[in-house]
Every structure is written in C-alpha cells, then in structure tokens.
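K.L.:
here is my input, please return the structure:
(one chain, ligands or ions: 1)
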Amino acid sequence: MNNDTRIARLEHVGKRYGTVVALDGIDLDIHRGELLALLGPNGAGKSTCIGLLLGLHRADSGTATLFGEDPQDIGPRRRIGVMLQAANLPATLKVGELLRLTASYYPDPRPLAECASLAGVADLLGRRYGALSGGQQRRVQFAMAMAGRPEILFLDEPTVGMDITARQSLWAAIRQLVAGGCAVVLTTHYLEEAEALADRVCVIAKGKVVSEGSVDALRARVALRRIRCLTSLDPGIVAGWPDVASVEARQDRLAIATTQAEVVVRRLLHADPSLSELEVQRAGLAEAFTEIARGADAAQEAA
Ligand SMILES: Nc1ncnc2c1ncn2[C@@H]1O[C@H](COP(=O)(O)OP(=O)(O)OP(=O)(O)O)[C@@H](O)[C@H]1O
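P.N.:
Now for the predicted structure:
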C-alpha cells in the first residue's frame, strides 16, 4: 500500500505494564479510508495498540503517531472518533444531551439527526442513558464516536452485547462511514465480523503482529476444506480414508475436513451413489485464525 496514505503508525513500539510485556516491538500502519481489523487472543495487545494511538498511554520504546503528530496532542485527537470497551458515561443524561455535548467538542460536527439515524438511536434521544439496555448503550456510544466526522474511527469490540439485528445495522453504518472515506480500526473476537467488514486483517499475538493480509489472503493460507453431505456411510470408515483430516457426524450428516476435497468427493460418490446435499467449502477466517495462532505459538516455543 502507498506510504503516503498512512494516517496512523506504531513503529517498533514496546509497552510493559510492570513485568507484563503488552507490546513487543510492534509495527502497525493504518491507511486512509481502510477498514483494518485487529484480531488476536485475549491479552494479545490489541487494546494497548489502540490506547497508544489515542494517546492514553505512552510507548516505552518506539513511536506512535497520528496524522504524523503525537497522539497526545489536541490537533490529531480532534480528527478521530473512539468507542472503547468500557464507557463511563453519565447515567442521568438523556441520549440527545450526550450527543449534543459530544458534538460541542468538535469544530465541524456531524448533524445530530444524521448521527442518530446512522447509529439507529433516533427513537432513543429522549431516554436517559442509564436506563438503556447494554446493546442500546453501545449504539449511543457509536453515535458519539462519529459525532466529530472522524477521519479514523477506533472501535474496540463494538458489537459485544448486541443482538443480530443491531449488529448487522451497525455493520451497515460502519460500511457507510468507510465508503465516505473514514478509516476504521476494529478489534473483535467475532471473526465473522472481520470477515464481513475488513479490507485488511492483522493478527496480533503476545504483543507482535504474527500475520497480516486481506481476509481472502488469510483464508487462502489454510488449505483445509470442508465437505458436507447426507450419506449412509459409516463415519468411522470415512475417517480412516487417506487425506481425511477429521469427520464429524450428526445422524446421517457428515462434515469432513480435508486438504484433498476432489479426491475425497470422488471416493464418497463412488462409495455411496445415493449420497445427497453435497457441499464443499473453503475454511473460513475462524479456521485460518486458529491455524495462524497455533503456528505463532509453535514458532515461539521453537525459538
Ligand atoms: N492497565 C494495565 N495494567 C497491567 N497490565 C495491563 C494493563 N492493561 C493491559 N495489561 C496487560 O497487557 C496485556 C495486553 O493487554 P490488552 O488489553 O492490550 O490485550 P487485548 O488484546 O486487548 O485483550 P482482550 O482481547 O482481552 O481485550 C495483557 O497481558 C494485559 O493483562
């Protein structure tokens, strides 16, 4: 990607909390208008990366920059929007009041009605924040995060606690912001969320980037494919065939994992001519992620 489009950077950043190494010389670039998903197990260092770019912490070594400046300066901070995991907002304020207050911090705020409609909180404006459900509160936080027309939006696990409809409408709103040129840095444990939204995925483990690329590129690293079918074949026998990595059986349905889908499909059709509902799928991001994390662990043990 073109270096001129970089708007936020971590360069060789190290960060410790006492004896805990949270970031171990990490490099990360965020480019204008992209949606970058940060993935990684609990404690990998994702929130610490975001905290450094927001100017909430200082790096022990290396540098963090936002629009080429120190993230603790007010200039770059006016150009970002944030939705953190924990938001401590005054419970007695009404949603409309919270949105107006947030807009007042910015030189050219987005109109309140637009924020409310994008975040799906237009019908909550008169309600007290503290009386909202967890999912509704998250949507209000999202509306606040975009109030200043940010050039980068940091979303730390934004859809935790949301039902499926709320999650999908938040995804639609995120897509709309990205289409309008806003960069988004998203951390999530929902891999289908990264799969649905991300241009680029960075997998972090133990304070380092262990893998990086498009969703498709990461998926392609996993050669495994999954065959599903309805068959009377004995799962134990299929599990013993060459090239079959695993077999899961539920009643007459089999799910077979293999790197040689064509070979196994041919053998299945030959062994059971009445086999039906055949499906072959490439592994998803979830499988790729598990394999990358396992590979990173093995590399660390070998070092
Ligand atoms: N304020 C703090 N004091 C002490 N240790 C901390 C602090 N914040 C984070 N850590 C430690 O730093 C490491 C990285 O934490 P971080 O919150 O960045 O991980 P994460 O990838 O965001 O995890 P999660 O997916 O659980 O949110 C962890 O070992 C965590 O315990």
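K.L.:
the residue of the chain positioned farthest from its centre: which element?
P.N.:
For the chain, the largest distance from the centre (Cα atoms, centre = their mean) belongs to residue 273, which lies 42.7 Å off. Counting by DSSP states H and E, no helix or strand carries residue 273.
K.L.:
pLDDT averaged over the lengthiest helix in the chain, what's the number?
P.N.:
The single longest helix within the chain, with elements called by DSSP state H, is helix 285-302. The average pLDDT within helix 285-302 is 72.
K.L.:
equivalent analysis for stretch 78-95, please.
P.N.:
Stretch 78-95 shows a mean pLDDT of 89 in the predicted model.
K.L.:
run the chain-centre distance for it.
P.N.:
When distances are taken as Cα atoms, centre = their mean, to the nearest Å, stretch 78-95 is centred 20 Å away from the chain's centroid.
K.L.:
is that stretch positioned near the ligand?
P.N.:
No - in terms of Cβ under 6 Å from any ligand atom, no part of stretch 78-95 sits within range of the ligand; the closest distance is 6.6 Å. Every C-beta, even on glycine, is put in place using the N, C-alpha and C of the backbone.
K.L.:
just stretch 15-23 next, same as before
P.N.:
Yes - contact of stretch 15-23 with the ligand (Cβ under 6 Å from any ligand atom) involves 17, 20, 22.
K.L.:
what parts of this protein come near the ligand?
P.N.:
By Cβ under 6 Å from any ligand atom, the residues of the chain that approach the ligand are 17, 20, 22, 40, 42-48.
K.L.:
please flag which of these sit within strands.
P.N.:
17, 20, 22 (DSSP state E).
K.L.:
okay, and the beta partners of the first one?
P.N.:
Spelled out, that is residue 17. Per DSSP bridges, residues listed as beta-bridge partners of residue 17: residue 20.
K.L.:
what residues of stretch 170-180 count as buried?
P.N.:
Residues 170-171, 173-174, 177-178 are the ones in stretch 170-180 that count as buried (16 or more other Cβ atoms under 10 Å).
K.L.:
ditto for stretch 67-83
P.N.:
Residues 67, 71, 76-83 are the ones in stretch 67-83 that count as buried (16+ other Cβ under 10 Å).
K.L.:
picking up where we left off before, list the buried residues for the longest helix of the chain?
P.N.:
Going by 16+ other Cβ under 10 Å, helix 285-302 has these buried residues: 285, 287-289, 291-293, 296.
K.L.:
and that helix, what does it pack against?
P.N.:
On a contact count with 3 or more Cβ pairs under 8 Å, 6 or more residues apart in numbering; DSSP states H and E, helix 285-302 meets helix 191-197, strand 200-205, strand 208-213, helix 215-220.
K.L.:
looking at the ones you listed, which is buried most?
P.N.:
Each of the helices and strands packed on helix 285-302 was scored by mean neighbour count; the highest is strand 200-205, a mean of 24, by mean count of other Cβ atoms under 10 Å.
K.L.:
quick one: mean pLDDT over that one.
P.N.:
Strand 200-205 comes out at a mean pLDDT of 92.
K.L.:
residues touching residue 95, list them.
P.N.:
Residue 95 makes contact with 116, 121, 124-129, 132, 140, 143, according to Cβ atoms under 8 Å, 6 or more residues apart in numbering.
K.L.:
for the ligand, state which of the residues you listed is nearest.
P.N.:
Lowest distance from the ligand to the contacts of residue 95 (Cβ to the nearest ligand atom) belongs to residue 140, with 21.2 Å.
K.L.:
that closest one: how many residues sit nearby?
P.N.:
26 (other Cβ atoms under 10 Å).
K.L.:
and it, what element?
P.N.:
helix 134-145.
K.L.:
show the average pLDDT along that helix.
P.N.:
Helix 134-145 comes out at a mean pLDDT of 92.
K.L.:
show me what counts as buried in it.
P.N.:
Quick answer for helix 134-145 (16+ other Cβ under 10 Å): 135-145.
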